[in-house]
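A.B. asks: starting from these lines, generate the structure:
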Amino acid sequence: MSKNQFKAMVLRQEGVHTAHSIEHLTESDLPEGDVLVDVDYSSLNFKDALAIIGSGKIVRTWPMIPGVDLAGTVRSSESVAYSVGDQVVLTGWGVGERHWGGYTQRQRVRSEWLVPLPDGLDTKKAMAIGTAGFTAMLCVMRLESAGITPESGKVLVTGAAGGVGSVAISILSNLGYDVTALTLPQQTEIHDCLRELGANEIICGAEWQDSPKPLETQNWSAAIDTVGTHVLARVISTMNYSGVVASCGLAGGADLPITVMPFILRGVSLLGVDSVMCPTEHRVKVWQRVVKDLPDSALTSINRTAALEEMPDLSEKMLSGRLRGRIVVDVNA
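C.D. replies: Here you go, the predicted model:
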């Protein structure tokens with residue numbers, strides 16, 4: 001590889017299948033944008049796994065460099081907002097779906113997609129948090145804006161073994177909430193880790209695999225759901241009166257088999273959380289909150305680092321439920 005080249009994972013459509021390979025690119029291959037970034041790290045998210053394996057119609061244009069987030073240093077800039085040497089983080093905006101993403105050693109992006117790296121973060125730590133941690137913090141802030149406090153009562157976090165769930169547990173616990181974690185029945189090996197993150201209780205009963213009655217026993221003042229489908233339906237049916245649910249994921253499915261009864265008889269609120277098109281000014285506030293409210297110890301326990309070449313195998317494991325916590329992608333390894 002010459003000094004003008006850099007390494008990237010490239011996805012190409014071959015008939016109905018998605019092919020992935022590590023290729024050597026030059027800056028002339030990169031898309032339009034006003035900031036060129038030397039990428040240090042990205043991370044593996046559910047959307048990345050779907051894109052690499054070729055499931056879920058995540059990729060909108062071909063070829064595609066996956067990676068829905070990245071962190072690195074500005075190499076060159078045509079924007080007055082950023083200068084050479086600035087450290088930046090990028091999550092969302094369709095990167096890794098419609099626009100080339102972070103699984104590359106160099107990327108050209110639009111300056112309005114970037115956020116200056118907050119004090120207290122380096123690029124590796126930023127990607128240890130990544131889209132998953134950013135989304136978790138968004139969910140917590142959404143609950144706070146709805147009036148939920150630690151005094152409100154128990155908070156349920158579904159998909160607790162995943163990136164969003166595990167980070168949400170740590171943030172909520174650090175803020176003083178009484179947190180219950182929901183995992184799959186076969187994920188008992190993660191329970192000790194979830195307790196270390198701050199879960200007061202862990203549940204994994206078989207009933208969570210089935211659709212609920214319209215109204216079940218009230219248990220939670222608030223919830224963060226990453227799963228969707230019958231799990232979200234049961235969450236809603238078991239909320240306390242005036243309970244609040246922040247919904248941010250569909251790892252289990254996009255359907256919602258439920259009646260309106262919890263909403264009109266118990267005053268339950270279902271709040272959608274979007275991390276993709278979140279306005280830049282709000283992103284800055286979210287990252288500042290993450291630095292403040294997510295303990296460093298949590299990042300150590302739920303993260304590990306892997307190379308680009310490992311992403312196909314790790315994607316398979318993520319989609320089959322065999323991957324725990326967060327994967328930081330070292331694009332220069």
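A.B. asks: need phi/psi at the residue nearest to V109 when sequence neighbours are not counted.
C.D. replies: Once flanking residues are discounted, V109 sits nearest to G33: 4.7 Å by Cβ to Cβ, 6 or more residues apart in numbering. C-beta here means a position set from N, CA and C on the backbone, and glycine is covered the same way. When quoted as degrees, to the nearest 10, the phi and psi of G33 stand at phi 170, psi 170.
A.B. asks: can you pull the contacts of G33?
C.D. replies: Shown in contact with G33 (Cβ atoms under 8 Å, 6 or more residues apart in numbering): 108-111.
A.B. asks: which of these sits closest to A128?
C.D. replies: Ranked by distance to A128 (Cβ to Cβ), these are led by V109 at 20.7 Å.
A.B. asks: contact partners for that closest one?
C.D. replies: Counting by Cβ under 8 Å, 6+ apart, V109 has contacts 33, 35, 37, 90, 95, 99.
A.B. asks: OK, contacts around the spatially closest residue to the last one that is not a sequence neighbour?
C.D. replies: Using Cβ to Cβ, 6+ apart and skipping residues adjacent in sequence, the residue nearest H99 is P31, 6.5 Å away. By Cβ under 8 Å, 6+ apart, the contact list for P31 reads 99-100, 108.
A.B. asks: of the residues you listed, buried ones?
C.D. replies: Buried members of the contacts of P31, counted by 16 or more other Cβ atoms under 10 Å: 99-100, 108.
A.B. asks: and these as JSON lines, adding secondary structure and distance to G147?
C.D. replies: Below are the buried ones among the contacts of P31 laid out as JSON lines (DSSP: H, G, I helix; E, B strand; the rest coil; distance: Cβ to Cβ, whole Å):
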{"residue": "H99", "secondary structure": "strand", "distance to G147": "37"}
{"residue": "W100", "secondary structure": "coil", "distance to G147": "41"}
{"residue": "R108", "secondary structure": "strand", "distance to G147": "43"}
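A.B. asks: ok, so of those, who is nearest P214?
C.D. replies: H99 (42.1 Å).
A.B. asks: I'd guessed that closest one sits against W93; true?
C.D. replies: Yes: between H99 and W93 there is a contact under Cβ atoms under 8 Å: 7.0 Å.
A.B. asks: overlap in contacts, the two.
C.D. replies: Joint contacts of H99 and W93 (Cβ under 8 Å, 6+ apart) do not exist.
A.B. asks: dump the contacts of V109 into a markdown table; add distance to A233 as well.
C.D. replies: Output for the contacts of V109, formatted as a markdown table (distance: Cβ to Cβ, whole Å):
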| residue | distance to A233 |
| --- | --- |
| G33 | 41 |
| V35 | 43 |
| V37 | 41 |
| L90 | 34 |
| V95 | 31 |
| H99 | 34 |
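A.B. asks: name the nearest of those residues relative to T73.
C.D. replies: Closest to T73, out of all of the contacts of V109 and judged by Cβ to Cβ, is V37, at 6.9 Å.
A.B. asks: that's a helix at that closest one, yeah?
C.D. replies: No: applying DSSP: H, G, I helix; E, B strand; the rest coil, one finds V37 to be strand, outside a helix.
A.B. asks: what bridges to it?
C.D. replies: Residues in a beta bridge with V37, per DSSP bridges, are V74, Q107.
A.B. asks: ok, now the one 5 residues further on?
C.D. replies: With beta bridges defined as DSSP bridges, S42 has these partners: V329.
A.B. asks: you'd agree it is up against N332?
C.D. replies: No: counting by Cβ under 8 Å, S42 does not reach N332; the two are 10.8 Å apart.
A.B. asks: more neighbours: which of those two?
C.D. replies: S42 (34 against 14; other Cβ atoms under 10 Å).
A.B. asks: mind listing the strands for the stretch 1-150 of the chain?
C.D. replies: Assigned strands in the stretch 1-150 of the chain, in chain order: 6-14, 17-25, 35-44, 69-77, 87-91, 106-109, 115-116 (criterion: DSSP state E, counting those that start in this stretch).
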